[in-house]
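S.K.: build me a model:
(2 chains)
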Amino acid sequence: MISDMLKQLWEQGILQTGIWETVYMTLLSTLIAYGLGLPLGVILAVTDKGGIKPVAWLNKVLGVIVNILRSIPFIVLMVAMLPLAKLIVGTSMGNKAMVVMLVVAAAPYVARMVESSLKEVNPGVIEAAQAMGTPNFKIITKVLLPEAKPALIVGAVISTVTILGYSAMASTIGGGGLGSIAIVYGYQRFKDDITWVCVILMVIIVQVLQEVGMFIARKTDKRTHQ
Amino acid sequence: MIEIKHLNKTFPSRHGSGEIVALDDINLTVRDGEIFGIIGLSGAGKSTLVRCMNLLERPTAGEVLIDGQDLMALSHKELLAVRRNIGMIFQSYNLLEQRTVLRNVLYPLELIDTPKDKAVARAMKLLELVGLADRKDSYPSQLSGGQKQRVAIARALATEPHYLLCDEATSALDPNTTAAILELLQTINRTMGVTVVVITHEMTVIDKICHRVAVIDKSHIVEIGSVDEVFANPQSERAKELILPRVKVASSIESGRRIRLVFNGESSTKPVVSSLVLECGVPVNIMAADTKDIGGKAYGQILLELPPEERQVQRVLAWLDHNFPSYNLEV
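M.R.: Prediction:
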């Protein structure tokens, strides 16, 4: 049973915009989150005790910051970040502001993802690189990152899906996307079918991201050839 | 020439505040052009020692001199340059898994910005030397252990180093592959004049290719000399233990009194077991034997099972006390 409102949403293009907003917010936030999280994760992995350049204090400081950000529930973090969003993009409402919040929430998550991927690189390979006289920076660019590439891609897929979930939550305080359609039309006006349509669309987006990401990860990984 | 002088290495203990001594007052010289073996049981400190030669491990005290240059005095950058003159291969190959065979060999050349065409030519020449030119586009996961080690050798030689450190390079390989890799190392030593340092726990590796050998035990070098000398006449307990093959006996063998005859340089022409049987008139059962003839002397062990009668056992023991004192009675 399809309500008139659902038809209207489709005909007026609101649903399509919602899909686009969700995809765009998620991908843009993921991209920026990686811009911050990737170097942060590299620093965390490299400066750790067993890393190629242990710097205890730096590792500790960054680790604590990341842990604090990660331990705050997203919904609380969002509210707390409203002033920051205003400062950076000039508004605490709308999709731009949401991207700021998503990035703040996702970057520490991405950093830990990257850190754990890099730590899985065979220490023997790193030792061999050192024995061949590789400077530390080149160990990062020529050994750690390329060797961890499949794990990094898997991490990116997981991060993207998590950010997609966050973006739906961000709708509650003024973001757009499918989440906001589900809340404004489905929940607040008691149109269950709209909620369900939004849920199904989100599931489809997640599935596509997941499948495409994993396909790329498998394609890149040269360890599973044979 | 690699000179190690009064080298000490201690690690902080993982539990508590104590220290673990990995190497204690190590002195040795690896001469140019030789294949130098370092043998010891696992935990003896030999892997730490080889890592001190290119400062992958920083010694706690002492000197490491490569061609007279004190590595400890170098800056990090200078050290990286010296390391390009010291190739290294490992037990676990340590190839870059996401790079093809060719790109693995190109790796050290990329570090020194060798022009691409020159680098590829050099890499292909080395892949031909190790017999893997046709696998240049394969990934390490598609290769066997022996092939991976060949790629690692080609990679280690890419920057034309004067030294090659081999850390248990054949320990993960089967005997045939081991023999082939050792042969390759020998070829490299002979034709390219690369000085090779071999770390191993296998006497056969030393036996096959090394000119000189150091025996390391519990953080100390207990013996050092030419392989012939050390093999023919091991002085230290550890050297004897490593050189004299051990007899392994499955625990499922039927019980009974057993004696272990240890040959420790006795004349190999003396027929001990048959004399024992003939002179005592007691049938004994050879359960295991592993002996080696080195320069007319026997090294190794024979494990005999004695008949159950106490009288016969006593007769055998009396004969052995008289004729062959180095035996152990096992229960």
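
S.K.: strands of the stretch 151-300 of chain B, start to end?
M.R.: Along the stretch 151-300 of chain B, counting by DSSP state E, counting those that start in this stretch, strands occupy B:163-167, B:195-200, B:212-217, B:220-226, B:258-267, B:285-294, B:297-305.

S.K.: chain B contacts on chain A?
M.R.: When proximity is defined as CB under 8 Å from any CB of the partner chain, chain A approaches chain B at A:122, A:124-125, A:127-135, A:138, A:142-143, A:146-147, A:149-150, A:220-226. Where you see a C-beta, it was placed from the backbone N, CA and C, and this is true even at glycine.

S.K.: give me the pLDDT for residue A:133.
M.R.: At residue A:133, the pLDDT value in this model is 94.

S.K.: which SS state does it fall under?
M.R.: Under DSSP: H, G, I helix; E, B strand; the rest coil, residue A:133 falls in the coil class.

S.K.: what about it, how many neighbours?
M.R.: 22 (other CB atoms under 10 Å in any protein chain shown).

S.K.: kindly report the same for residue B:58.
M.R.: With other CB under 10 Å as criterion, residue B:58 counts 12.

S.K.: cool, and the one 4 residues further on?
M.R.: Residues contacting residue B:62 under the criterion other CB under 10 Å number 17.

S.K.: so, in contact with chain A or not, the helix or strand that contains it?
M.R.: Counting by DSSP states H and E, the element that carries residue B:62 is strand B:61-66. No: Strand B:61-66 is not in contact with chain A by CB under 8 Å from any CB; minimum separation 12.9 Å.

S.K.: strand partners (parallel or antiparallel) of the helix or strand that that strand is followed by?
M.R.: Using DSSP H and E, the helix or strand that follows strand B:61-66 towards the C-terminus is strand B:69-70. Take DSSP bridges as the rule and strand B:69-70 pairs in its sheet with strand B:61-66 (antiparallel).

S.K.: residue A:121 versus residue B:155, what's the distance?
M.R.: From residue B:155 across to residue A:121, the span is 17 Å (CB to CB, to the nearest Å).

S.K.: who has more neighbours, these two?
M.R.: Neighbour comparison, residue B:155 and residue A:121: the larger count goes to residue B:155, with 30 against 21 (by other CB under 10 Å).

S.K.: select the longest helix from the chain.
M.R.: Picked chain A for this. Ranked by residue count and defined by DSSP state H, the top helix of chain A is helix A:14-47.

S.K.: chain B is the one I meant
M.R.: Longest helix in chain B, counting by DSSP H: helix B:175-192.

S.K.: packing partners for that helix?
M.R.: strand B:35-39, helix B:145-157, strand B:163-167, strand B:195-200, helix B:203-209 (3 or more CB pairs under 8 Å, 6 or more residues apart in numbering or on different chains; DSSP states H and E).

S.K.: how about low-confidence regions in chain A?
M.R.: A:1-2, A:225-226 (pLDDT under 70).

S.K.: in a helix, that's where residue B:127 is, yeah?
M.R.: Yes: using three-state DSSP, the secondary structure at residue B:127 is a helix.
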